[in-house]
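the sequence and its predicted three-dimensional model are supplied below.
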Amino acid sequence: MKKTFRSFLIAALCLGVFAALSGPAHASWLESLKSIFGAAGQERVSTEPTPAKEPAQKPVRTQAQTLTALEMTGGIKDALIQAVNVTVSQLGQQDGFLGNDLVRIPMPERLVQAEQLLRKTGQGYLADQFIASMNRAAETAIPKVTGIFADAISAMSIEDAAKILTGPENAATEYFRSKTGPALFAQIQPIVRQATDTAQVTHYYKLMTDRAQAFSPLVAAFTPDLDSFVTEKALDGFFVVMAVEEQKIRQDPVARGTELVKKVFGNIGSILGK
């Protein structure tokens with residue numbers, strides 16, 4: 001019975017998401033996200049199997065069992081928009097990365113020796129300037145990449161949408177991470193490169209390493225790909241914060257979500273028959 005029940009849920013989710021994923025994107029990143037899930041059908045999602053040869057019974061419907069396909073897809077849409085929006089707002093501001101211990105971009109591992117040498121000689125400020133410049137670059141870049149996440153949502157398959165709704169607390173976050181992969185990195189890296197130029201990352205790197213090599217020529221004999229390093233760490237930080245926000249939405253949709261998020265995610269237990 002429960003297997004059949006789940007099959008009806010997945011079918012209903014697929015119908016709603018398939019209809020929703022056909023909407024066009026707009027210039028504004030937020031509008032792009034909202035348009036992805038366009039108008040879905042108004043058919044009601046039946047989560048009750050029909051026995052083949054049993055006496056007719058009057059069905060007992062709960063609120064969760066009478067959600068429309070539009071409500072289902074709308075709830076997913078609102079949750080995704082909110083998670084991305086909050087993440088961008090938190091990270092794309094002064095000290096969004098630098099002031100957050102969870103996502104602060106650290107010194108590249110192979111430059112730690114140079115950092116330690118400078119701190120021992122009272123010139124740790126050079127290392128601090130370099131670290132700050134990398135984090136400032138990430139803070140500048142993150143607000144400019146939200147359209148890329150809109151594209152990732154538009155490429156979502158029917159099965160993916162169902163898994164996000166009924167999956168674990170970081171299902172949407174892991175969807176973005178797994179589906180975008182190297183393509184997302186390649187698209188974001190040029191944006192980060194511009195940001196690292198603005199933040200003078202290379203300038204502060206040279207100040208730090210030149211001073212360290214003045215004390216010890218063998219120190220810092222390494223030229224990292226700073227654009228790639230900052231891009232990787234910026235994406236890692238984005239997914240960390242998004243996972244936290246997604247978890248909050250799922251755990252307390254009444255306090256953090258829109259009306260659709262409250263209705264859809266607030267009834268997941270009933271939908272799954274738990």
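Good, I have the coordinates.

contacts only, for M107.
By CB atoms under 8 Å, 6 or more residues apart in numbering, the residues touching M107 are E115, A127, F130, I131. Yep, even glycine has a C-beta here, placed from its N, CA and C like the rest.

take the residues you listed and keep only those in helices.
Taking DSSP state H as the definition of helices, the contacts of M107 contribute E115, A127, F130, I131.

apart from its neighbours in sequence, what residue is nearest the first one?
So the one you mean is E115. Counting by CB to CB, 6 or more residues apart in numbering, A127 is the residue found nearest to E115 once chain neighbours are left out, at 4.3 Å.

can you get me a residue count around that neighbour?
Look at A127: counted by other CB atoms under 10 Å, it has 23 neighbours.

try I191
19.

any buried residues in the host helix or strand of it, and which?
For I191, the host element (DSSP states H and E) is helix 171-198. Buried residues in helix 171-198, defined by neighbour count with 16 or more other CB atoms under 10 Å: 171-177, 180, 184, 188-189, 191-193, 195-196.

residue contacts, the residue nearest to F215 when sequence neighbours are not counted?
In space, F215 comes closest to L117 once its chain neighbours are excluded; the distance is 5.8 Å by CB to CB, 6+ apart. Applying CB under 8 Å, 6+ apart, one finds that L117 lies in contact with A212, F215, S216, V219.

which residues does the residue nearest to E115 contact?
M107, A114, E115, L118, R119, M208.

dump the residues you listed to CSV, plus pLDDT and distance to G147.
Formatted as CSV, the contacts of A127 follow (pLDDT from 0 to 100; distance: CB to CB, whole Å):
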residue, pLDDT, distance to G147
M107, 95, 31
A114, 90, 37
E115, 93, 36
L118, 93, 39
R119, 95, 40
M208, 93, 34
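
mark which of these are buried, thanks.
Looks like the contacts of A127 have M107, A114, E115, L118, M208 buried, using 16+ other CB under 10 Å.

from those residues, which two are the most distant?
M107 and L118 (10.5 Å; CB to CB).

what residues does the helix or strand encompassing A212 touch?
Counting by DSSP H and E, the element that carries A212 is helix 201-215. Contacting residues not belonging to helix 201-215 are listed as 111, 114-115, 117-118, 121, 123, 126-127, 129-130, 132-134, 137, 196, 219-221, 226, 230 [CB under 8 Å, 6+ apart].

which PyMOL command selects the buried ones in these?
Entered in PyMOL, the line below selects the buried ones among those, by 16+ other CB under 10 Å:
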select buried, resi 111+114+115+117+118+123+126+127+129+130+132+133+134+137+196+219+220+226+230
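
low-confidence ranges, the stretch 151-274 of the chain, go.
For the stretch 151-274 of the chain, applying pLDDT under 70 flags the ranges 154, 156-158, 180, 218, 220-222, 267-274.

list the helices and strands the helix or strand hosting V230 packs on?
Element membership of V230 [criterion: DSSP H and E] is helix 226-251. If you count contacts as 3 or more CB pairs under 8 Å, 6 or more residues apart in numbering; DSSP states H and E, helix 226-251 packs onto helix 69-91, helix 124-141, helix 171-198, helix 201-215, helix 259-265.

mind listing what's buried in the last one?
Yep, that's helix 259-265 we're talking about. Of the residues in helix 259-265, those buried (16+ other CB under 10 Å) are L260, V261, K262, K263, V264, F265.

do the same with stretch 160-172
Quick answer for stretch 160-172 (16+ other CB under 10 Å): D160, A161, A162, K163, I164, L165, N170, A171, A172.

mind listing what the last one touches?
With contact set as CB under 8 Å, 6+ apart, A172 has these partners: A79, L80, A83, I164, M242, E246.

so of those residues, which two are at opposite extremes in space?
Spatial extent of the contacts of A172 (CB to CB) is set by the pair I164 and M242 at 12.7 Å.

could you identify the helix or strand that succeeds the helix holding V230?
Note on helix 226-251: by DSSP H and E, the next helix or strand toward the C-terminus is helix 253-256.

give the buried residues for that following helix.
Judged by neighbour count using 16+ other CB under 10 Å, the buried positions of helix 253-256 are P253, R256.
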